[in-house]
Every structure is written in C-alpha cells, then in structure tokens.
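Undergrad: model the structure of this input:
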Amino acid sequence: MLIGELSARTGVSRRMLRYYEEQGLLRSRRGANGYRVYDDDAVRVVGHVRALLAAGMSTEVIATVLPCADGEPTRLDLCPSVTRALRRRLAEVDARIEDLRRSRDMLAGYLADA
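TA: From the prediction side, this is the model:
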C-alpha cells in the first residue's frame, strides 16, 4: 500500500509515517515509480508504535522492543527485552509521579500559608 492509504487506515499523518521510518520503526520499499510501498503488516506496526508512544516510551526504546511486539497493539508479547523496557519505563513514571506529588504538596502548603 502507498503512504496515503497507510495514513488513511491508521489515522497517522504521512509526515509522521515518514518520521517513524526515519527512526527505524517502520519499513517500506520503493516501487518502480519511486513511491514508498508498505506491506499490509505496516498497519499493525503503526498501531504498536502509537500505543507505545501513548504509554510514554521514546522512539529509541520503541525501536528496541518493536521486534517483540506481536498481536494487537493493545497487547504485547512480553519477551524479555519488552519486559525490561516496560519495567524501566514504569519506574521512571513512578519516580516522576512522586516528584510531582512533592511539588504539589509544596505548592498547596504555600497557598495554605497565604
């Protein structure tokens, strides 16, 4: 399929699809006319990329776990590299939440004193 069809089927802009390709997350080949041609599997891959981005993972991390991503985008096959990456990201999110909680408490304390 051409990039326009992939964009229509996934809801992801052509520009973003090209970015995914630049980041090594999506692969295409060139047709005789020079246009990008994607396999049907690209729809599933884009779904995984979008889901992992929504979970707060960077494109660098996604590139390492994407080969293990199988099935539907909402469910990952948890091969060891995916499990490690998800545990690391979860720890980072937990730490960020704790930082935000401390900041919130300080702000609330300032307002309470005002």
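Undergrad: mean confidence (pLDDT) on the host helix or strand of residue 95, please.
TA: Taking DSSP states H and E as the definition, residue 95 sits inside helix 80-113. Helix 80-113 shows an average pLDDT of 91 in the prediction.
Undergrad: now do the phi/psi pair for residue 37.
TA: The phi and psi torsions at residue 37 (degrees, to the nearest 10) take the values phi -130, psi 130.
Undergrad: start at 52 instead
TA: Sure thing, new numbering starts at 52, so read that last one as residue 88.
Undergrad: show me the contacts for it.
TA: Residues in contact with residue 88, defined by CB atoms under 8 Å, 6 or more residues apart in numbering, are 52-53, 79-82. Yep, even glycine has a C-beta here, placed from its N, CA and C like the rest.
Undergrad: most neighbours among those, which one?
TA: residue 79 (19 neighbours; other CB atoms under 10 Å).
Undergrad: pull the most distant pair out of the contacts of residue 88.
TA: The largest distance within these, taken as CB to CB, falls between 52 and 81 and amounts to 13.6 Å.
Undergrad: how far is the helix holding residue 146 from where the chain is centred?
TA: With CA atoms, centre = their mean, to the nearest Å as the basis, helix 131-164 stands 20 Å off its chain's centre.
Undergrad: ok so, going back, go through the contacts of residue 88 and flag which are in helices.
TA: When DSSP state H is applied, the contacts of residue 88 are split such that none fall in helices.
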